[in-house]
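1. How does the following fold in three dimensions:
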Amino acid sequence: MLLRLMHILSLILAIFITQNAFSFVANDKESLRVIAMNPKLDLQQRVAAIKQLYPKQWGDADLMKRRICIWDLAGRSGPIFSAAQDQKTELMELGIEVEMEAYTSESILAEELKAGRCDAAFMTGMKARIFNKFSGTIDSVGALPTIKHMKLLLKALSSPRMASKFEKGRYTILGIAPAGAAYIFVNDRKIDSLTKAAGKRIAVLDYDATQAKMVLKLGATPVPSSLVGAPNKFNNGAVDVLPAPLVAYGFMELYRGMEPNGGIINYPFSQASMQMVALKEKFPTEVAQLVREGFQKGFDRIINQINLQTGDIPEHWWIEIPDKEKQDYEVMMQQARIELREADYYDAGMLTIQRKVRCKLDPTRFECPNPVE
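-> Below is the predicted model:
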């Protein structure tokens, strides 16, 4: 009887020890995650914690090899691919050796990522929306009036508290970079407001049916186009109106489409972004957090590069609009955002964050006392 009782006690003791051992391991992993996700700690300390968290991926190798695909209309000689090279050194500090490949077709790039032939892919924010609606809403119409708004937003989004928002299914958003303000280019200066676009031909993205629906509501004709084809259609007169980042003025020679009586409506309708979408299995949460922080720290450098690439745009191209019309634009764009939110096209959470950014920088805005976003 005594032997049997001792046996039972030994079993209970063994179970107790085992449970506490598992608890210790679990707590140890959680401690490592806390270290890895803490932006106040030294980078090397955080990388060391990640290597302990993922020993099979990072522990046995000095550098993990990853293939990153970059969309650039000009391929390897283009400005986006060139700027992406700056990330190589930063990624090596995180223990990642990068092979970069250029793609001139954004659609093919997206399919390569889906097929796993790219570990990560750098694309426009509009294209990234198919992988993550939250980050894809950053480019929403009228949500960020200036570069200052974009900078404040990206700083808020780089917080570790936002990490879960960037993970969706198989994918994670590794980084977000500003691509400059987007404007409306027209081939006739008389088209100085959206109401005057009725009956005109407007370029829309061929993979985005929602854009076409919005254009139809203006009484205009949507002309489905690729990112490459849209500027060409504007330059050869196949479309009258082209929404595009300002940097496209020189790079895509949009002055050809504006000659002789066209111009640029001097009111940005959105802040464009470029986003790095990655396979989550290749870039765990803690690694993705570090990369996003690196993108955010490089904001000013990226903006300086964009300004250099844009250059000086001759004064005569700008089409000024009255302040009253600007207010009308803001109301119209707010209505468009709400409608697209209800259609499940824009993410409600991102729209709320953007509204808070706008009201933080200008509390007197019409939308701040009674927010609807």
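2. tally of neighbours for residue 278?
-> Neighbourhood size, residue 278 [other CB atoms under 10 Å]: 26. The way it works is simple: take the backbone N, C-alpha and C, and place the C-beta from them, glycine included.
3. That one should be in a strand, yeah?
-> Yes: assessed with DSSP: H, G, I helix; E, B strand; the rest coil, residue 278 lies in a strand.
4. And the pLDDT at it?
-> Residue 278 is assigned 98 on the pLDDT scale.
5. again with the one 10 residues further on
-> pLDDT for residue 288: 95.
6. Touching, residue 243 and residue 183? I think so.
-> Yes: counting by CB atoms under 8 Å, residue 183 is a contact partner of residue 243 at 7.5 Å.
7. and for the two, which residues touch both?
-> residue 269 (CB atoms under 8 Å, 6 or more residues apart in numbering).
8. Can you pick out the residue with more neighbours from the two?
-> Between residue 243 and residue 183, counting by other CB under 10 Å, residue 183 is the more crowded of the two (25 against 19).
9. Tell me the backbone dihedrals of that one, please.
-> Backbone torsions for residue 183, taken as degrees, to the nearest 10, come to phi -130, psi 170.
10. Just confirm it contacts residue 241, I think it does.
-> No: in this structure residue 183 lies outside contact range of residue 241 using CB under 8 Å: 11.0 Å.
11. how close does residue 115 get to residue 282?
-> For residue 115, the distance to residue 282 equals 14 Å [CB to CB, to the nearest Å].
12. Between these two, tell me which one has more neighbours.
-> Neighbours per residue (other CB under 10 Å) separate residue 115 from residue 282, with residue 282 holding more: 19 against 8.
13. Correct me if wrong, but that one is in a strand.
-> No: using three-state DSSP, the assignment for residue 282 is coil, not a strand.
14. where exactly do the helices run in the stretch 201-350 of the chain?
-> 209-217, 229-235, 248-251, 255-258, 285-297, 299-310, 323-342, 348-361 (DSSP state H, counting those that start in this stretch).
15. Redo these as JSON lines? Include distance to residue 267.
-> Listed next are those as JSON lines, based on distance: least, CB to CB, whole Å:
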{"stretch": "helix 209-217", "distance to residue 267": "17"}
{"stretch": "helix 229-235", "distance to residue 267": "18"}
{"stretch": "helix 248-251", "distance to residue 267": "16"}
{"stretch": "helix 255-258", "distance to residue 267": "16"}
{"stretch": "helix 285-297", "distance to residue 267": "27"}
{"stretch": "helix 299-310", "distance to residue 267": "17"}
{"stretch": "helix 323-342", "distance to residue 267": "6"}
{"stretch": "helix 348-361", "distance to residue 267": "15"}
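16. Out of the ones you listed, flag the one nearest residue 40.
-> helix 285-297 (11.3 Å; CB to CB).
17. List the buried residues in the closest one.
-> By 16 or more other CB atoms under 10 Å, the buried positions in helix 285-297 come out as 285, 286, 287, 288, 289, 290, 291, 292, 293, 294, 295, 296.
18. got it, and stretch 339-349?
-> For stretch 339-349, by 16+ other CB under 10 Å, it's 340, 341, 345, 346, 347, 348.
19. what's near enough to touch the third one?
-> Applying CB under 8 Å, 6+ apart, one finds that residue 345 lies in contact with 133, 210.
20. Specify the beta-bridge partners of the spatially most central residue of the chain.
-> With distances taken as CA atoms, centre = their mean, the residue of the chain nearest its centroid is residue 275 (3.8 Å). Beta-bridge partners of residue 275, counted by DSSP bridges, are residue 123, residue 176.
21. That one and residue 178: what is the separation?
-> 11 Å.
22. Please apply the same query to residue 310.
-> Where residue 178 is concerned, residue 310 sits at a distance of 12 Å (CB to CB).
23. more neighbours, those two?
-> residue 178 (25 against 17).
24. if I've got this straight, the more buried one is in a strand?
-> Yes: counting by three-state DSSP, residue 178 falls inside a strand.
25. Which residues are in contact with it?
-> Counted by CB under 8 Å, 6+ apart, residue 178 has contacts 147, 150, 151, 154, 271, 272, 273, 274, 299, 302, 303, 306.
26. if we go to 10 Å?
-> 125, 138, 144, 147, 150-151, 153-154, 245, 271-274, 295, 298-300, 302-303, 306 (CB atoms under 10 Å, 6 or more residues apart in numbering).
27. Is the residue lying closest to it once chain neighbours are set aside in a helix, a strand, or coil?
-> Nearest non-adjacent residue to residue 178, counting by CB to CB, 6 or more residues apart in numbering: residue 150, 5.2 Å away. Three-state call for residue 150 (three-state DSSP): helix.
28. isn't residue 150 right up against residue 300?
-> No: the pair residue 150 / residue 300 is not scored as a contact, 11.6 Å apart, by CB atoms under 10 Å.
29. Between those two, which has more neighbouring residues?
-> A direct count of neighbours by other CB under 10 Å for residue 150 and residue 300 places residue 150 higher, at 26 against 11.
30. Which parts of the stretch 1-150 of the chain are strands?
-> Here the stretch 1-150 of the chain has its strands, by DSSP state E, counting those that start in this stretch, at 64-71, 96-103, 120-124.
31. Partner strands of the second one and their direction?
-> Taking DSSP bridges as the criterion, strand 96-103 forms sheet pairs with strand 64-71 (parallel).
32. buried stuff in the partner strand?
-> Within strand 64-71, the residues scored as buried using 16+ other CB under 10 Å are 64, 66, 67, 68, 69, 70, 71.
33. Right, I'll call it a day here.
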